[in-house]
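Q: fold the following, please.
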Amino acid sequence: MKNTFIVALLILITGCSTIAPKYNTDFNNISQLRREKLNQARVGTVTKETVAGTDVDSLTIRGGSYLSPYGSYTSYLAEALKQELDDARLLDPMSQIEVSAVLLRNSLDAAGFSTGVAEIEARFVVRNADKIKFDKVKVARHTWESSFAGAIAIPKAQQNYPIVVQKLVGQLFSDPEFISALK
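A: Reported below is the predicted structural model:
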């Protein structure tokens, strides 16, 4: 009993910090790209929009820090784009076609009694030889069954965050104007 109390006290004092899983490509996203005859592209910078009181690079799950395995969530999105393009055999760091993004909104909510929610929004820009060929904002939302109990809700939130990023990238790849910009 004494050991349990000490462990609980240490957790309260130090706070909980977890790291998001690394991004895994989505087969549907890769299939979408492979169906088209596209030119290779490189991933440019992924930045964030700074709005007073919010930081898209800072997520928490029930008060504990939820950190990106890539150092930031802008880097998480950049890595997602690179992995998806690479797995579709469309990534070329020397390409004239560049896909860049600005992360506008990034939220993770596991506080609900029965439902968790993640939302992400980004502006994507495709340039070909410095000419803008595509400029659109994409939004994705993902919900999952959660629980009042933190022991259930926290791991579920950790597992479901990458899915909202996959959905965002999928929205981009399924846009006919994006596809046209890579032709």
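Q: buried residues, stretch 102-119. List them.
A: 102, 103, 104, 106, 108, 109, 110, 111, 116, 117, 118, 119 (16 or more other Cβ atoms under 10 Å). In short, each C-beta sits where N, CA and C put it, glycine included.
Q: next one, pLDDT for the spatially most central residue of the chain please.
A: Nearest to the geometric centre of the chain sits residue 165, at 3.5 Å (Cα atoms, centre = their mean). Model confidence at residue 165, expressed as pLDDT, equals 95.
Q: all helices of this structure, in order?
A: Applying DSSP state H to the chain gives helices spanning 2-14, 27-34, 73-87, 150-173, 176-181.
Q: what are the buried residues along the third one?
A: Which is helix 73-87. Quick answer for helix 73-87 (16+ other Cβ under 10 Å): 73-74, 76-85, 87.
Q: out of the residues you listed, who's nearest residue 182?
A: residue 85 (9.4 Å; Cβ to Cβ).
Q: which ones are touching the nearest residue in space to that closest one that is not next to it in sequence?
A: Sequence neighbours aside, residue 91 is the residue nearest to residue 85 in space, at 4.1 Å (criterion: Cβ to Cβ, 6 or more residues apart in numbering). Each residue near residue 91 by Cβ atoms under 8 Å, 6 or more residues apart in numbering is listed here: 40, 41, 42, 43, 82, 85.
Q: got phi/psi on residue 58?
A: phi -120, psi 110 (degrees, to the nearest 10).
Q: returning to that earlier point: please identify which two of the buried residues of stretch 102-119 are farthest apart in space.
A: That would be 102 and 111, which, of these, are the farthest apart (Cβ to Cβ) at 27.2 Å.
Q: any idea what the residue nearest to residue 94 when sequence neighbours are not counted is bridged to?
A: Nearest residue to residue 94, sequence neighbours excluded (Cβ to Cβ, 6+ apart): residue 42, at 7.0 Å. Under DSSP bridges, the beta-bridge partners of residue 42 are residue 98.
Q: what residues are up against residue 42?
A: Contacts of residue 42 (Cβ under 8 Å, 6+ apart): 91, 92, 93, 94, 95, 97, 98, 99.
Q: go through the buried residues of helix 73-87 and say which is closest to residue 134.
A: Closest to residue 134, out of all of these and judged by Cβ to Cβ, is residue 81, at 13.3 Å.
Q: ok, for the closest one, nearest residue in space, not its chain neighbours?
A: Closest to residue 81 by Cβ to Cβ, 6+ apart is residue 43, at 4.7 Å.
Q: quick one, what contacts that neighbour?
A: Counting by Cβ under 8 Å, 6+ apart, residue 43 has contacts 78, 81, 82, 85, 91, 98, 99, 100.
Q: can you tell me how far residue 62 is from residue 21?
A: 18 Å (Cβ to Cβ, to the nearest Å).
Q: same check on residue 178?
A: 26 Å.
Q: these two: which is more packed in?
A: Counted by other Cβ atoms under 10 Å, residue 178 and residue 21 do not tie: residue 178 has more neighbours, with 20 against 11.
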